[in-house]
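> curious how this folds, go ahead:
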Amino acid sequence: MADDTRQAGLIHRLRDGDSAAFADFIARYQQQVFMCCRLLGLGADEIEDVASETFLAAYQGIGRYTGRAKLSTWLWKISYNKAINYLRGKIRHQKLQEKLQNQYTDVQEAAALEPSAEIVWDAVKKLPQDSAMAIVLYYRQEKSIKEIADIMGKNKNTVKIYLFRGREKLKELLGDKIERLY
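Reported below is the predicted structural model:
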């Protein structure tokens, strides 16, 4: 019963925005959140990120905590959902990376037929990852800005920036090579 009273007091303090209560909350449940993440196969750095997201989500959602389940059960559910979402995102990212790598291979094969294309696509490989992906999706796959934003999980303006920076960097990388071709 003392634990229930202590838990109710902690919840009340959290709802009042008490930062010391948030520190107590983290100290009390940190190992539980870490265990949940470890059980789902996250690495040490990933656990830190997911735990931070978990505690932030719990803090922001404490007003919606109804008390029907124990606080630890409620937090475990948040932790589990955050870890699963992280893993899903990681899998999507890996699949995109594989697809991009396959596209690079396709580009290399096509470039063997056209020397100028080979030079361009070799230069694309030297771009930062996000710019390269945006360039390939836009020019090779003919995806719209919106489709690229959805694929990359970014907003449309960010994709436009990746494309702009990618084109600028390509101009830098290809400057004298393109002039020699023509």
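
> quick one, helices of this protein?
Shown for the chain, the helices assigned by DSSP state H span residues 2-15, 19-39, 44-61, 71-111, 115-125, 129-135, 145-152, 156-181.

> any idea which of these is most buried?
helix 129-135 (a mean of 21; mean count of other CB atoms under 10 Å). C-betas here are computed from N, CA, C, even on glycine.

> check which helices and strands that one sits against.
Applying 3 or more CB pairs under 8 Å, 6 or more residues apart in numbering; DSSP states H and E, we find helix 129-135 packed against helix 71-111, helix 115-125, helix 145-152, helix 156-181.

> quick one: average pLDDT of it?
Mean per-residue pLDDT for helix 129-135: 85.

> roughly how far apart are Arg6 and Met35?
Using CB to CB, to the nearest Å, Arg6 is found at 21 Å from Met35.

> next one: Ala8
24 Å.

> and Phe3, what pLDDT?
Not quite, residue 3 is Asp, not Phe. On the pLDDT scale, Asp3 gets 62.

> mind showing which ranges of this structure have poor pLDDT?
Applying pLDDT under 70 to the chain flags the ranges 1-4, 103-118, 176-182.

> how about the nearest residue to Gln30 once chain neighbours are set aside, what does it touch?
Excluding its sequence neighbours, the residue lying closest to Gln30 (CB to CB, 6 or more residues apart in numbering) is Ala51, at 6.9 Å. Each residue near Ala51 by CB atoms under 8 Å, 6 or more residues apart in numbering is listed here: Gln30, Val33, Phe34, Cys37, Ser79.

> returning to that earlier point: turn the helices and strands packed on helix 129-135 into a markdown table, columns for distance to Asp24.
A markdown table is the format used below for those (distance: least, CB to CB, whole Å):
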| stretch | distance to Asp24 |
| --- | --- |
| helix 71-111 | 12 |
| helix 115-125 | 50 |
| helix 145-152 | 39 |
| helix 156-181 | 38 |
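
> so which of those comes closest to Tyr59?
Nearest to Tyr59 among the helices and strands packed on helix 129-135 is helix 71-111; the distance by CB to CB comes to 10.3 Å.

> just checking, what packs against that closest one?
Packed next to helix 71-111, using 3+ CB pairs under 8 Å, 6+ apart, are helix 2-15, helix 19-39, helix 44-61, helix 115-125, helix 129-135.
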